[in-house]
Every structure is written in C-alpha cells, then in structure tokens.
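Asker: Predicted structure and sequence below. I'll ask about it afterward.
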Amino acid sequence: MQVEIVTIGDELLLGFTIDTNAAHLARQLAAVGVEIVRRTTVGDAAHSIATGVRDALDRAGAVITTGGLGPTADDQTKPAIAALFGRAMRLDDEILEGLRRRWKDRGWGELPVSNEQQAMVPEGARILTNNHGSAPGIWLEDERGRWVAMLPGVPREMRGMLADTLLPLVRERAAASTGTVILSATLRTTGIAESKLADRLGDLARGIHGMPLAYLPGVDGVDLRLTARGLPAPDAQRALADGIAQLRALVGNHAYAEGDRDMADVVLAHCRDHRLHIAVAESCTGGLLGERLTAIPGSSDVFRGGIIAYENDVKHALLGVSEDDLRVHGAVSEPVVRQMAAGVRNRLGAEIGVGITGVAGPGGGTPDKPVGTVWIAVDTGHYQRAYGGRFFGDRAEIRYRATQSALEMIRQAPLR
C-alpha cells in the first residue's frame, strides 16, 4: 500500500512550527507495511488544502492529513476535502454532545459557539475517535476505494489517535491488499562514528539478506536501521531479528538499545536491576541530565535528585569542590568534575554520582578550553572515571551530547 502525507498549517510553511507529525506518521506507517511515497505541506487556505489533497489522491489513492480540524476560522480541512468528494457538511449531534460534556467535566463552562464547528462532518464520513482531545478524526472514501484520513495537528492528539484508531484500520488494508509488509528494525549505537561503524560492519554495511541498511546519525549516536520489504509479516520479522543480531555481534557494546528506546531508560533499568541510585551535579547542562532521567516513568526508584551548580561558590558550598582547584584549574577541569561527582553522591546519599561541567557556548570559550569542551565524571565510591572531550554543534546539541555521554559512562561503569 502507498500513502501520501499532507500536513496542513501556515505555521509549518513559515517555519514557526517544526513538522514532527509527518516524521512520526512515516515511521509508524512503515512499520505496518505502508510505503510513504511523498510528504507535502500546505497552508491553511481551503484551495491550498484541496489542491494538495487532490494531487495526492491522484498519485497514491490514499492520503493522511494532519491539522486544520480545530474550532477557528483557519481550520478548513474538513470542508475543503469534503468538497473534493462531493459531500455536504452536516452537524453530528453525538459529537456535539460529547464536546459539551467535555467542557463541563473540565470545569470550562458552556461550549463556545466556535467549537461547534468541530461537530460538523462530511456526509458519509467515518468518525475516528479522539481519546486525547476535542477534535474527532475523519475517514472519507469514494466509490473507487480512494480514501483520506484526517487527523488533528496537535502532536499528542495525532499520535494517540494514530495508535488507537487509524493504524489498526490501515494495517488491515495493507495486509489485505498485498499480503506482504514493510517492516523496519533499529539498533541504536553511541560512542562510535558512522564511518567507523561502516568499517566494523564490513560486507554487512551494504545490507543483510537483501535488506538495505541505513545509517541515521544524530545527537544520541548513530542508529542502524534495517528494512524488510515485500515479505509476509512472519518472514520479515524473522529476517529482521536475525539481521539485528548480526549487527549487534559486530557493533558490540556500542549498541545500547533497539527501536526508539532512550539511553536514560536503559540506564535506569540497569541501575534498578542492581538496586542502585543516581545523583547528578550539573553545571553547563543546567539540569538536562536530571530532566532526561525523570522523563522516564518510574524513575523515582533510581534517581535521587540533582544539584545545578552553575556558579563556583555553589560548587564549593554544596558539592565540596576545592576553592584552590577552582582557582588553579578552573571550573571546566578534571579535578573539579571528579569532586562534583563525589560530592553529589555523598550529599544525596546515592551509590552513583555524576558530574558535568563545560563550555556550552556560543560564548565563553578560550584557546585552552574552546566552546564544546566538557568534562564528565562518574563516581561510585569504589570506582571513578572522568572524561574530557570536545562536543560539536550549537548550545543545545553540546548540552545534549554531554548528557548522552554521561549516561553511557554510567552504563559502562562496573556497578558492583
């Protein structure tokens, strides 16, 4: 099955909002055997929506849109697409009552008149339930079997509806049409460059069992993605499992997860298995390491807390960093980061302490310590390791790469 994605919104065209919806849709649809042949972004005007969707329907016969289902005047997706199918708009009393009930249950009072347009649907449409927001999704299909699925543009709502409602429908269609699937599997690596991975993989760098191998570098590391096409689902799953096993054997300990699992989740599970707790002392990352850890549900049984020690006097007063070392070596140095890791471990009563200090930029660099210079330390009481290196990118990338390296150092540490 081939599908085109049309994302709708002036804010996307103008660059004020990053289009994460299209990327998420493409990943999820490929996993159930759907080939995304084109992604298009159009503005909020009805004629732009109609033209984009009409052209996509002519090419692929199946289209998924996101955006333009809200209560304001620029939400023109439903009427524009309904007109393409020759359908009139009608008020759905059940949707309207659900909207009113939602507003009252949340203490918002009476439903505004403008929200009532969210209960307007094309004649003959199938309603796609939205358990994550107010705007229902719409499925429209013509006598030739061509269809358009309309999802809201709010990423949280779109992702929830995709998983709850749309993916099961599309999966059934894809399996019925060909009996084969397009499936992908991803092995996540860190601490090794893309070129070195290719060298290590040798002949497998070109693919395994006819499955192409894609290299996906990012701030986390390099993801290796295998894709199986044109196979029945059980055969594709077996081929991918075997391929990932071969990659893992060659990549070794640089591989830390499969799928889209975050390193923080891996580290928390590792520490949980060993009944160990983590405390962090952060300077240039400003709490980002703690944020990544606490973003994982259930982190409270491992993560003790953190200290954001930006100023030198805070490093000394709260973490016990020597004033002499701060004066002689500077805040971005091995002696200081080692003391930060040990100090936060002792102060917060954790078995593992992590320290990070560096120059995240864009200013503040010196010839000896240019922007991107970062020191990281892990301290377990019986084991301590410090690493100093230079990370590249803008301020956000440098800070994120520093936290990824810190998590990797915990993962690699001899915890017992």
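Answerer: Received it, and whenever you're ready, just let me know what you need.

Asker: distance of the nearest residue to V37 once chain neighbours are set aside from A56?
Answerer: Leaving aside its chain neighbours, V37 sits nearest to Q2 (4.9 Å; criterion: C-beta to C-beta, 6 or more residues apart in numbering). Quick note: C-beta positions are derived from backbone N, CA and C, even for glycine. Using C-beta to C-beta, to the nearest Å, Q2 is found at 10 Å from A56.

Asker: Just want to know which of these two has more residues nearby.
Answerer: More crowded of Q2 and A56, by other C-beta atoms under 10 Å: A56, with 25 against 14.

Asker: Go ahead and confirm G191 touches H254.
Answerer: Yes: counting by C-beta atoms under 8 Å, a contact exists between G191 and H254, whose distance comes to 5.5 Å.

Asker: shared neighbours of those two, anything?
Answerer: Jointly contacting G191 and H254 under the rule C-beta atoms under 8 Å, 6 or more residues apart in numbering are G221.

Asker: Secondary structure element for the residue nearest to the spatial centre of the chain, which one?
Answerer: Among the residues of the chain, the one closest to the centroid is D260, at 7.5 Å (C-alpha atoms, centre = their mean). Here D260, judged by DSSP states H and E, is contained in no helix and no strand.

Asker: Let me know whether it touches A185 as I believe.
Answerer: No: under the contact definition of C-beta under 8 Å, D260 does not touch A185, with a separation of 11.2 Å.

Asker: And the helices in the stretch 151-300 of the chain, which stretches?
Answerer: 155-161, 167-178, 194-201, 233-251, 263-273, 288-294 (DSSP state H, counting those that start in this stretch).

Asker: actually the stretch 301-416 of the chain, not the one I typed
Answerer: With DSSP H, counting those that start in this stretch, the ranges of helices along the stretch 301-416 of the chain come out as 312-319, 323-329, 334-348, 395-412.

Asker: Figure out which of those is closest to G361.
Answerer: Of all the helices of the stretch 301-416 of the chain, it is helix 395-412 that lies closest to G361, at 5.3 Å by C-beta to C-beta.

Asker: A413 versus the residue nearest to V37, what's the distance?
Answerer: Taking C-beta to C-beta, one finds Q2 at 48 Å from A413.

Asker: for the protein, which strand is longest?
Answerer: strand 221-231 (DSSP state E).

Asker: Distance from that strand to the middle of the chain?
Answerer: Offset of strand 221-231 from its chain centre (C-alpha atoms, centre = their mean, to the nearest Å): 17 Å.

Asker: And stretch 399-415, by the same measure?
Answerer: Relative to the centre of its chain, stretch 399-415 is centred 19 Å away, using C-alpha atoms, centre = their mean.

Asker: same question, stretch 104-119
Answerer: 32 Å.

Asker: same question, stretch 157-166
Answerer: Put simply, stretch 157-166 sits 16 Å off its chain's centre (C-alpha atoms, centre = their mean).

Asker: residues in contact with that stretch?
Answerer: With C-beta under 8 Å, 6+ apart, stretch 157-166 has contacts from 21, 24-25, 28, 64, 66, 128-133, 135, 137, 149, 151-152.

Asker: again, but for stretch 99-106
Answerer: Looking at what lies outside stretch 99-106 - C-beta under 8 Å, 6+ apart - the contacts are 109-111, 115-116, 118-119, 134.

Asker: ok, the most far-flung residue of the chain relative to its centre to N312 distance?
Answerer: Relative to the centre of the chain, the most outlying C-alpha is that of D324, 42.8 Å out, by C-alpha atoms, centre = their mean. D324 sits 12 Å away from N312, going by C-beta to C-beta.

Asker: Could you work out the end-to-end span of stretch 57-76 for me?
Answerer: In stretch 57-76, first residue to last residue: 18 Å (C-alpha to C-alpha, to the nearest Å).

Asker: Make residue 1 into 26 and carry on from there
Answerer: Yes, from this point I'll number from 26; that puts the last item at stretch 82-101.

Asker: Quick check: buried residues in that stretch?
Answerer: 82, 85-96, 99-101 (16 or more other C-beta atoms under 10 Å).

Asker: of all these, which comes closest to A70?
Answerer: A70 lies nearest to Q101 out of these, by C-beta to C-beta, at 7.1 Å.

Asker: Next, the buried residues of the longest strand of the chain.
Answerer: 246-254, 256.

Asker: send the alpha carbons of the helix-or-strand element of the chain with minimal mean pLDDT over as PDB?
Answerer: When each helix and strand of the chain is scored by mean pLDDT, DSSP states H and E, helix 192-203 comes last, with a mean of 79. What follows is helix 192-203, C-alpha atoms only, in PDB (Å, rounded to 0.1, in the frame of the first residue of the first chain):
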ATOM      1  CA  LEU A 192      -3.200   2.200  12.500                       C
ATOM      2  CA  PRO A 193      -5.500  -0.800  13.000                       C
ATOM      3  CA  LEU A 194      -7.600   0.300  10.000                       C
ATOM      4  CA  VAL A 195      -4.500   0.900   7.800                       C
ATOM      5  CA  ARG A 196      -2.900  -2.400   8.900                       C
ATOM      6  CA  GLU A 197      -5.900  -4.300   7.800                       C
ATOM      7  CA  ARG A 198      -6.000  -2.600   4.400                       C
ATOM      8  CA  ALA A 199      -2.300  -3.100   3.900                       C
ATOM      9  CA  ALA A 200      -2.300  -6.800   4.700                       C
ATOM     10  CA  ALA A 201      -5.400  -7.400   2.600                       C
ATOM     11  CA  SER A 202      -4.000  -5.700  -0.400                       C
ATOM     12  CA  THR A 203      -0.700  -7.500  -0.800                       C
END
